[in-house]
Each structure stands twice: as structure tokens, then as C-alpha cells.
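J.: Structure for the following, please:
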Amino acid sequence: MNSSESRQLVEMAKKAGVVNAINFIYRYYPLVRHARSMVQRGDVGEIYHATGSYTQDWLFLPTDWNWRLVPELSGESRAVADVGSHWCDSVQYVTGLKIKRVCAHLHTIHKTRMKPKKELETYAGKVLQPEDYEPVPINTEDYACVAFEFDNGAVGSFTVSQCFAGRKNRMFYEISGSKCSLVWDQERPDELWVGYREKANEIVMRDPSLLTPDARPFAHYPGGHPEGYPDGLKNFLWRVYTAVAEGSSEWDFSTFEDGHVEMAIVDAVLQSHRTKQWVEVTY
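T.: Purely as a prediction, here's the structure:
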């Protein structure tokens, strides 16, 4: 898919008047909502810059294989489209800003991968013999580094890698503001680090009694009982099906429009890599 096709989906959904949604799941973690509320009420101040990464190791080995490695199935971009899109959506959601332009470099670590010759059960690749594979050239990125500028003039950068040993799904970002900074790590979802210049830093723990009113409904258990990925999915589905049941036109979940925003960023990243220059994101 590209941004032209995603724009068509947005227009088709609007014309049909149907509820439409895309699962940018990290929006629905309580502390992500709390961070967004802090920005909205002015606690963070003017946004200066944002940095971070999304790192995984599920394609670390040249024998790791998945349909996402096939451009005809997954698209021209892999790591940026697959996980970079979640990073960009989450940071834009928290800050309320939009990525305006990008400068990107993409890198393929395993330019040839070994594809199993037949369908296998999960993890069966660990017992395959060399003759059970066939070499396949790879032309999508394992790694990317992207510098960007927000629409308010703030700047930032992020990296993504699917060949980072030991990192499973570490989406991490730091948001620097004129009053404080916010740091959140998806693999430690119940903690939000808040940094200050002239007083002690804080770690906000996920506890409904401590969260902002907007974030509180998304925390379903008392403090000390962990909530994570399955709960984020639960929160997403709760909001979508509530909109369907109530026939509401005021949605507080990610829609096709948000998906189109990410596709536009991906297209700009690809163009920037090809041209070796800054590229404006065309929404």
C-alpha cells in the first residue's frame, strides 16, 4: 500500500459513513494517555525535540523468514512501515504535533536471506538443514534512521531495527519540553519517567488514582497489577465497539485518516532515501 491508496480508503470510508479504525495500539496504554494529557494541559511546555527507537530481533538471523520480507505482500518499506509507523503515531499523538518533513537513510543488513522451501511450524527453522532453504534477495530495510521536523518547528529523530539482538518490541521515546521531559518504554509500560532541571525527577506509576481524568478509564486494575499489550488491544476494541453501538460520530480512536498519515510519512521516508535529501510529507 502507498499513500495514494490509503487516501482512497479514507475517502471511501467517509462516503460510506461507516466506523473505520486502525490499531495503533500504543495510544491505548494508560501512561501514554497520561503523557498526552500532560502536554495538553501545559505541564511539559513548548515541545523542543523528540527522539527514540523501535528495536526488535525477530529477523536477526539470515534464516529468519516471514511474509513481511516479500515486497509484493508487505510493500516497498518494511521496518519503517511495520514498526516505525507505530513510533511516529505514538509521538505525534502525545505531542499533538505532525511530522512535516523527513531525511532518511535505510539499510538492508541481510541482502540475501534463506527461505524455507516448505511451510513450517513456528520455530521449526531451528532444526532445518542447509538443503531445506533457498536463497532469496532482499531489498527492504532491516534498519532505518530518520531525522524529522514537526509542524511547529521542533525537531527529532528515530531509528528502527529488526536485527537488534535481545530487543523484542522495545518502542522507546523521549520528548523534551521547555518545562520537563517525558520518557516512555513500551517494554516497561507501567512507568512514565518525567525529567526536570531544578528538582528531582519522577517516575509516574500506572495507578488509576494517580492518572489524569482522560487516562484513568484506560487503567482497569489497581496500581501494582501490571497492564500491557493485551490491555491496549482491549482498550482499542472497547472504544471502537462503543462507537459502533452508540452510533457516535465523535471518535477517540485511531482511524483510516491516522493510517493515511503514517503511509504519507513512509512514502516521504522512501523518497528521502532515494534522493538523499529532505522531503516534505504530502498528506
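
J.: Now do the contacts for Val194.
T.: Met38, Cys180, Ser181, Leu182, Val183, Asn201, Glu202, Ile203, Val204 (C-beta atoms under 8 Å, 6 or more residues apart in numbering). For every residue, glycine as well, the C-beta is placed using N, CA and C.

J.: Check which helices and strands the strand or helix carrying the fourth one sits against.
T.: Using DSSP states H and E, Leu182 falls within strand 181-185. Helices and strands touching strand 181-185, by 3 or more C-beta pairs under 8 Å, 6 or more residues apart in numbering; DSSP states H and E, are helix 30-40, strand 170-177, strand 191-195.

J.: so which of the ones you listed gets nearest Asn66?
T.: Ranking the helices and strands packed on strand 181-185 by their distance to Asn66 (criterion: C-beta to C-beta) puts strand 170-177 first, at 18.8 Å.

J.: Identify all contacting residues around that closest one.
T.: Residues contacting strand 170-177 (C-beta under 8 Å, 6+ apart): 26, 35, 39, 44-56, 83, 86-87, 90-91, 94-95, 158, 181-187.

J.: Describe which strands it pairs with in its sheet and in which direction.
T.: Sheet pairing for strand 170-177, assigned by DSSP bridges, gives strand 47-55 (antiparallel), strand 181-185 (antiparallel).

J.: could you dump the ones you listed to CSV with mean pLDDT and distance to Asp267?
T.: As requested, the strands paired with strand 170-177 are exported to CSV (pLDDT from 0 to 100; distance: least, C-beta to C-beta, whole Å):
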stretch, mean pLDDT, distance to Asp267
strand 47-55, 99, 19
strand 181-185, 99, 27
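
J.: Please produce JSON lines containing those strands, extended by mean neighbour count and distance to Leu210.
T.: Shown next, in JSON lines, are the strands paired with strand 170-177 (neighbours: other C-beta atoms under 10 Å; distance: least, C-beta to C-beta, whole Å):
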{"stretch": "strand 47-55", "mean neighbour count": "21", "distance to Leu210": "23"}
{"stretch": "strand 181-185", "mean neighbour count": "21", "distance to Leu210": "15"}
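
J.: possible to save these as a markdown table with distance to Arg170?
T.: Shown next, in a markdown table, are the strands paired with strand 170-177 (distance: least, C-beta to C-beta, whole Å):
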| stretch | distance to Arg170 |
| --- | --- |
| strand 47-55 | 5 |
| strand 181-185 | 7 |
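
J.: residue contacts, Phe148?
T.: Ile99, Lys100, Arg101, Val102, Cys103, Val155, Gly156, Ser157, Phe158.

J.: Asn66 now?
T.: Taking C-beta under 8 Å, 6+ apart, one finds Trp58, Leu59 in contact with Asn66.

J.: Same check on Tyr196?
T.: So Tyr196 contacts Cys180, Glu202 (C-beta under 8 Å, 6+ apart).

J.: Look up phi and psi at it.
T.: phi -130, psi 160 (degrees, to the nearest 10).

J.: how far away is it from Tyr29?
T.: Tyr196 sits 23 Å away from Tyr29, taking C-beta to C-beta, to the nearest Å as the criterion.

J.: Let me see the ranges of the helices in the stretch 101-250 of the chain.
T.: 229-246 (DSSP state H, counting those that start in this stretch).

J.: What segments of the chain are strands?
T.: 47-55, 99-107, 112-116, 133-137, 143-150, 155-161, 170-177, 181-185, 191-195, 202-205, 279-280 (DSSP state E).

J.: out of the ones you listed, nearest to Trp251?
T.: strand 99-107 (21.8 Å).

J.: Report the mean confidence score over stretch 186-200.
T.: Mean pLDDT, stretch 186-200: 98.

J.: buried sites along that stretch?
T.: Buried residues in stretch 186-200, counted by 16 or more other C-beta atoms under 10 Å: Gln186, Pro189, Asp190, Leu192, Trp193, Val194.

J.: Same check on stretch 96-111?
T.: Result for stretch 96-111 [16+ other C-beta under 10 Å]: buried residues Leu97, Ile99, Lys100, Arg101, Val102, Cys103, Ala104, Leu106, Thr108, His110.

J.: Return that stretch as PDB; C-alpha atoms alone will do.
T.: Extracted C-alpha coordinates of stretch 96-111, given in PDB (Å, rounded to 0.1, in the frame of the first residue of the first chain):
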ATOM      1  CA  GLY A  96      -0.200  16.800  19.300                       C
ATOM      2  CA  LEU A  97       2.300  17.700  16.500                       C
ATOM      3  CA  LYS A  98       2.600  16.500  13.000                       C
ATOM      4  CA  ILE A  99       5.700  15.400  11.200                       C
ATOM      5  CA  LYS A 100       6.300  17.900   8.400                       C
ATOM      6  CA  ARG A 101       9.400  16.700   6.600                       C
ATOM      7  CA  VAL A 102      12.000  13.900   6.900                       C
ATOM      8  CA  CYS A 103      15.500  13.000   6.000                       C
ATOM      9  CA  ALA A 104      16.100   9.200   6.000                       C
ATOM     10  CA  HIS A 105      18.600   6.500   5.400                       C
ATOM     11  CA  LEU A 106      17.600   2.900   5.000                       C
ATOM     12  CA  HIS A 107      19.900  -0.100   5.300                       C
ATOM     13  CA  THR A 108      19.500  -3.800   4.500                       C
ATOM     14  CA  ILE A 109      21.700  -5.900   6.700                       C
ATOM     15  CA  HIS A 110      20.900  -9.300   5.200                       C
ATOM     16  CA  LYS A 111      20.900  -8.700   1.500                       C
END
